[in-house]
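**Q** only geometry, no sequence info:
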């Protein structure tokens, strides 16, 4: 890893994203920042930090000519491309309020975002991957619709007002990722997004010699998170508009990616490809997998280190707080396998009882958060702060876990993932982690289902690897008994599925769909 002392950007107390863009362009103007990996290598594109600033400002002038002003709400639903980053930064330069929409969302989700945000403009990719987004925008009655896939509006930057003066105004509306059936608009500032990206950058210890990768939708909260990291430390990332393995491997290899990842599902996909030919390293330059957004079973960590020949650092984040904790390459293997890492200096984590009473280390409770990376609340819920923050200003996450005596966070599940069977609390994550040790299981989700005698019964929904013999409930429970699981926690129902339902961002399992299906 290269020395970052002379290449790291220093920011003001209340920075804006545009301030970060201009500072990096001045520091390393000719260094690459975005590399777009196309299916045909001849179509690959590269953008430098100076070009990022110059082109973003020209796009900002074009948007200004379309009537976009500071505070104007602009929705965009675009894939992971250079043009998407330029459009987003152009809106940041103007000081508009932007609301990214995941490109896989359709009429129901996109319409909800447009109505709730009262967006005055809507940027779409036209026909993308066989779906006509422009036609959908027409059906939804969206205002100010324009296509922004290959061509962006441009103009003379001389028409622009001064950039935003501070990073504390709400200028971002992100939508919760769809693991529940009721999305919420999450309010962020430049400052909170920069704080999240800074946490990621500082934990991973990356430098100018690294090459990162963005294989998830840039419209996800992880998009600016990752961009902030590039801007702070001056290294590039490879963008994948369409991520599918093994097709994307050529892009990783030809651009020498050193850092990849996304979430647990991404780690599993890389492992599947590596196992096709264990004799050759899948991506020769890869030294680190990093991600978050979904639980990581310890066995996944050990498999990555053992089989992919690289380190794995996993973190904890959510749409409301893009980066909360992160494992670091210099953490111990035990910490990396069994915890979500430590919080940065600006993040306070409190573990509490349901009534908000703080709990001591090694005691499970509700995870509550306070810090610069925490959102400002939810759109159109300003009159109900008690649903979001407690009396001390801590965000109520709905996650369960504990802090170790040395300050590492261990997540044990979601409050909705606690199964109450005959009055006893059962952690779904505890069972899932043990089931991941079973070779006949590719992935698993443990859920509670209504039961007239028990209150809830424990159901394991299993996705098996290709070629595996069908798993039976006696085999599954025998494995759990051998691992020492208490009998009252053993699943009473097993369902085998071809594929677990997932969202389209970080591939989180949608447990509510499983509950609906098997209840």
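**A** Perfect, I can see it now. What you see is a predicted model, and the numbers here were worked out from it, not measured in a lab.
**Q** low-confidence ranges in the chain?
**A** Counting by pLDDT under 70, the chain contains low-confidence ranges at 1-7, 10-13, 177-182, 382-387, 415-416, 423-424, 505-506.
**Q** which one in it is furthest away from the centre?
**A** residue 453 (38.9 Å; Cα atoms, centre = their mean).
**Q** does that one count as helix, strand or coil?
**A** Three-state call for residue 453 (DSSP: H, G, I helix; E, B strand; the rest coil): coil.
**Q** Pretty sure residue 96 sits against residue 67.
**A** No. Assessed by Cβ atoms under 8 Å, residue 96 is found out of contact with residue 67, at 10.5 Å. Backbone N, C-alpha and C define where each C-beta goes, glycine included.
**Q** Neighbour count: those two, which is higher?
**A** residue 96 (23 against 10; other Cβ atoms under 10 Å).
**Q** which residues of the stretch 51-200 of the chain fall in strands?
**A** 73-76, 97-100, 121-124, 127-128, 131-132, 145-147, 170-175, 185-189 (DSSP state E, counting those that start in this stretch).
**Q** so what's residue 29 closest to, chain neighbours aside?
**A** residue 50 (3.6 Å; Cβ to Cβ, 6 or more residues apart in numbering).
**Q** Let me know whether my guess that that neighbour is in a helix holds.
**A** Yes. Secondary structure of residue 50 (three-state DSSP): part of a helix.
**Q** which residue is nearest the middle of this structure?
**A** Mean-position check on the chain, Cα atoms, centre = their mean. Result residue 222 at 4.4 Å.
**Q** From residue 428, how far off is it?
**A** 24 Å (Cβ to Cβ, to the nearest Å).
**Q** And for residue 343?
**A** 24 Å.
**Q** Quick check: residue 99 touching residue 172?
**A** Yes. Using Cβ under 8 Å, residue 99 is in contact with residue 172, at 7.4 Å.
**Q** can you pull the contacts of the nearest residue to residue 190 once chain neighbours are set aside?
**A** In space, and not counting its chain neighbours, residue 190 is closest to residue 167: 3.5 Å by Cβ to Cβ, 6+ apart. Residue 167 makes contacts with 14, 15, 16, 17, 19, 189, 190, 191, 194, as judged by Cβ atoms under 8 Å, 6 or more residues apart in numbering.
**Q** And residue 331, by the same measure?
**A** 313, 341.
**Q** What helix or strand is it located in?
**A** Using DSSP states H and E, residue 331 falls within no helix or strand.
**Q** how close does it sit to residue 406?
**A** With Cβ to Cβ as the criterion, residue 331 and residue 406 are 10 Å apart.
**Q** Residue 184 now?
**A** 34 Å.
**Q** try residue 148
**A** 47 Å.
**Q** which one of these two has more residues nearby?
**A** residue 148 (22 against 9).
**Q** these two touch, right, residue 88 and residue 75?
**A** No. Counting by Cβ under 8 Å, residue 88 does not reach residue 75; the two are 11.6 Å apart.
**Q** what's the overlap in contacts for those two?
**A** 98, 100.
**Q** starting at the chain centroid, how far to stretch 303-312?
**A** 21 Å (Cα atoms, centre = their mean, to the nearest Å).
**Q** Distance across it, terminal residue to terminal residue?
**A** 10 Å (Cα to Cα, to the nearest Å).
**Q** mind listing what's buried in that stretch?
**A** If you call a residue buried by 16 or more other Cβ atoms under 10 Å, then stretch 303-312 has these buried ones: 303, 304, 305, 308, 310, 311, 312.
**Q** Am I right that residue 402 sits in a helix?
**A** No. Counting by three-state DSSP, residue 402 falls outside a helix, being strand.
**Q** Contacts only, for the residue nearest to it when sequence neighbours are not counted.
**A** Nearest residue to residue 402 in three dimensions, chain neighbours excluded: residue 364, at 4.9 Å (Cβ to Cβ, 6+ apart). Taking Cβ under 8 Å, 6+ apart, we find residue 364 in contact with 351, 400, 401, 402, 412.
**Q** neighbours around the third one, how many?
**A** To tie it back to what came earlier, the one meant is residue 401. So residue 401, with other Cβ under 10 Å, has 20 neighbours.
**Q** any idea how far it is from residue 421?
**A** From residue 401 to residue 421 the distance is 21 Å (Cβ to Cβ).
**Q** how about TSV for the strands of the stretch 51-200 of the chain, with distance to residue 441 added?
**A** Listed next are these as TSV, based on distance: least, Cβ to Cβ, whole Å:
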stretch	distance to residue 441
strand 73-76	39
strand 97-100	34
strand 121-124	40
strand 127-128	35
strand 131-132	33
strand 145-147	44
strand 170-175	32
strand 185-189	33
